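[1] With the sequence up front, the predicted model follows.
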Amino acid sequence: MARIVSLAEGVAQTVLDGDTVAFEGFTHLIPFAAAHEVIRQGRRDLTLVRMTPDLIYDQLIGAGCARKLVFSWGGNPGVGSLHRFRDAVQHDWPVPLEVEEHSHAGMANRYVAAASGLPFAVLRGYRGTDLPAQTDTIKPITCPFTGEVLTAVPALRLDSAVVHAQQADRQGNVQLWGISGVQKEAVLAASRSLVTVEEIVDELQPRPGAVVLPGWAVGCVAEVPGGAHPSYAAGYSVRDNGFYQDWDEISRDREAFLRWLEGVR
């Protein structure tokens, strides 16, 4: 059953050095506060997994937390490049970064396979691209029933997963709503999980289209109001577009980034 803990306790118990870890959330509910706590606790050698690494992974990479990135798109949404990500790939700063690139469909299917306890996923994607030539975890497979050549990708088994949601109750059941990504699949694919929430309530009220993570599937829950900033939590906060624009200038320059980093630590 889920344990109600502080953010610092949750990160310490969930994200360990050398982990393969996903910080998931699509457009909103991105767990920035938890990522900043990972930076403060000095985690190293992480394999970061995310379908759309944006500012949250730019920050973790720039802080030296990562050795590898598994992803399907990377950028500052609506603004431009991730300059700390680019600096790590091109110049090994602050440490070298290995990359493993997939498509969105491939990543989503890998999460689902792991959450389902399957060894791999099969899809029609990747054909006509050069990703199979660049990524060892993309392989052709022949359907035993039709003879069609498809693509296989391995299950994305995680050591740890971190997501943000709007609410949890005191038994550790979690509810999130609005635009959802692969938060559910990431939690189910992980050996350990941490969910930060806007608030802990006595009882979860059913909402149309909501995703519920039962307490038995969650490791730790931490109440962290505003934990998705500068992204947003539907019904609780709005996106800080100004920060996304400011990040382009902050992240372009190593010294400017290091000044920002001191504010996090």
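    Received it, and whenever you're ready, just let me know what you need.

[2] can you map out the helices along the stretch 101-250 of the chain?
    With DSSP state H, counting those that start in this stretch, the ranges of helices along the stretch 101-250 of the chain come out as 104-115, 131-134, 183-189, 241-252.

[3] contact partners of the lowest-mean-pLDDT helix or strand in the chain?
    When the helices and strands of the chain are scored by mean pLDDT, DSSP states H and E, helix 131-134 comes last with a mean of 94. Applying CB atoms under 8 Å, 6 or more residues apart in numbering, the external contacts of helix 131-134 come out as 101-103, 126, 138-140, 151. Quick note: C-beta positions are derived from backbone N, CA and C, even for glycine.

[4] again, but for stretch 55-62
    Outside stretch 55-62, the residues that reach it (CB under 8 Å, 6+ apart) are 23, 30-32, 35-36, 38-39, 46, 48, 50, 66, 69, 71, 74, 76, 82-85, 87-88, 94, 97, 230, 244, 247, 251, 257, 261, 264.

[5] Just the buried ones among the residues you listed, please.
    The neighbour-count test (16 or more other CB atoms under 10 Å) marks 23, 30-32, 35-36, 38-39, 46, 48, 50, 66, 69, 71, 74, 76, 82-85, 87-88, 94, 97, 230, 244, 247, 251, 257, 261 as buried among those.

[6] Out of the contacts of stretch 55-62, list just those in helices.
    By the criterion of DSSP state H, membership of the contacts of stretch 55-62 in helices covers 32, 35-36, 38-39, 83-85, 87-88, 244, 247, 251, 257, 261, 264.

[7] how about the strands of the protein, start to end?
    Assigned strands in the chain, in chain order: 3-5, 20-23, 46-50, 66-71, 98-101, 120-123, 139-142, 149-154, 158-169, 174-176, 190-201, 211-213, 220-223 (criterion: DSSP state E).

[8] Parallel or antiparallel, list what pairs with the fourth one.
    Sheet pairing of strand 66-71 (DSSP bridges) gives strand 46-50 (parallel), strand 98-101 (parallel).

[9] Okay, angle between the longest one and helix 32-40 too, please.
    The one in question is strand 46-50. Relative orientation of strand 46-50 with respect to helix 32-40: 170 degrees, computed using axes from the mean of the first three to the mean of the last three CA atoms, to 10 degrees.

[10] on that earlier part again, nearest to Trp216, out of the helices of the stretch 101-250 of the chain?
    helix 183-189 (11.1 Å; CB to CB).

[11] could you give me the average pLDDT of that closest one?
    Rounded to a whole number, the mean pLDDT of helix 183-189 is 98.

[12] got the CA coordinates for it in CSV?
    In CSV, the C-alpha atoms belonging to helix 183-189 read as follows (Å, rounded to 0.1, in the frame of the first residue of the first chain):
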residue,chain,number,x,y,z
GLN,A,183,1.4,8.1,-16.1
LYS,A,184,-0.6,5.0,-15.3
GLU,A,185,1.6,2.8,-17.4
ALA,A,186,4.8,4.2,-16.0
VAL,A,187,3.7,3.6,-12.5
LEU,A,188,2.7,0.0,-13.3
ALA,A,189,5.9,-0.6,-15.2
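
[13] Number the residues from 762 up from this point.
    Okay, residue one is now 762; in that scheme the one you just asked about reads as helix 944-950.

[14] Tell me which other helices or strands that helix touches.
    helix 865-876, strand 919-930, strand 951-962, strand 972-974 (3 or more CB pairs under 8 Å, 6 or more residues apart in numbering; DSSP states H and E).

[15] Out of the ones you listed, which is the most enclosed?
    Per-stretch averages of neighbours, counted by mean count of other CB atoms under 10 Å, single out strand 919-930 among those, with a mean of 26.
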